[in-house]
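*Asks:* Below: sequence and its predicted model.
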Amino acid sequence: MLSKKEQSVDIQVDTKQSHKMALILRFLIFFVLGLIVLRAFRSFIYLQPKSKKPNTNVGHSEKKDPYQILEIHSKANGTEIKRAYLRQMAKYHPDKVEHLGEELQVLAQQKTREIGWAYDTLTKSH
């Protein structure tokens with residue numbers, strides 16, 4: 001049997017260890033939450049529109065260069081155009097940003113329409 005003094009020492013050691021474990025656990029939780037918030041913030045900044053008011057007539061009323069929208073040079077062939085189209089659609093697909101909120105999903109849908117318009121314009125001319 002342990003004396004009362006030895007028992008109190010054991011209890012103090014256990015509480016110190018449990019405090020250390022609690023601190024480590026808190027640190028890990030905040031670290032993981034920080035990474036999640038950082039990733040969401042990067043996605044938000046990446047899809048943020050340049051103007052405060054999103055344009056609903058994307059690609060139709062504006063005179064934008066379809067090559068610039070697809071990020072290709074003006075002498076690109078059909079294969080390069082299709083590859084750029086698929087790459088841009090994968091990047092801005094609304095299903096990829098649905099967890100980030102409705103506003104970003106609307107922006108992604110507008111960007112997808114713009115990319116589709118650029119692809120249609122370029123494939124009709126080739």
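*Replies:* Nice, I can see it.

*Asks:* got a pLDDT number for Gln12?
*Replies:* Looking at Gln12, its pLDDT stands at 61.

*Asks:* And Lys82, by the same measure?
*Replies:* pLDDT, Lys82: 93.

*Asks:* Work out the gap between the helix or strand encompassing it and the centre of the chain.
*Replies:* Of the helices and strands defined by DSSP states H and E, Lys82 is found in helix 78-92. Relative to the centre of its chain, helix 78-92 is centred 19 Å away, using C-alpha atoms, centre = their mean, to the nearest Å.

*Asks:* ok, and for it, which residues are buried?
*Replies:* In terms of neighbour count (16 or more other C-beta atoms under 10 Å), helix 78-92 has its buried residues at Ile81, Lys82, Ala84, Tyr85, Gln88, Tyr92. (Glycine included, C-beta is placed from N, CA and C.)

*Asks:* Can I get it as PDB, trimmed to CA atoms?
*Replies:* Output of helix 78-92 as PDB, limited to C-alpha atoms (Å, rounded to 0.1, in the frame of the first residue of the first chain):
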ATOM      1  CA  GLY A  78      -8.000  22.000 -82.300                       C
ATOM      2  CA  THR A  79      -6.200  19.600 -79.900                       C
ATOM      3  CA  GLU A  80      -4.700  22.400 -77.900                       C
ATOM      4  CA  ILE A  81      -8.100  24.200 -77.700                       C
ATOM      5  CA  LYS A  82      -9.800  21.000 -76.500                       C
ATOM      6  CA  ARG A  83      -7.100  20.400 -73.900                       C
ATOM      7  CA  ALA A  84      -7.300  23.900 -72.600                       C
ATOM      8  CA  TYR A  85     -11.100  23.700 -72.500                       C
ATOM      9  CA  LEU A  86     -11.000  20.500 -70.400                       C
ATOM     10  CA  ARG A  87      -8.300  21.900 -68.100                       C
ATOM     11  CA  GLN A  88     -10.300  25.100 -67.500                       C
ATOM     12  CA  MET A  89     -13.600  23.300 -67.000                       C
ATOM     13  CA  ALA A  90     -11.900  21.000 -64.500                       C
ATOM     14  CA  LYS A  91     -10.500  24.000 -62.600                       C
ATOM     15  CA  TYR A  92     -13.700  26.000 -62.400                       C
END
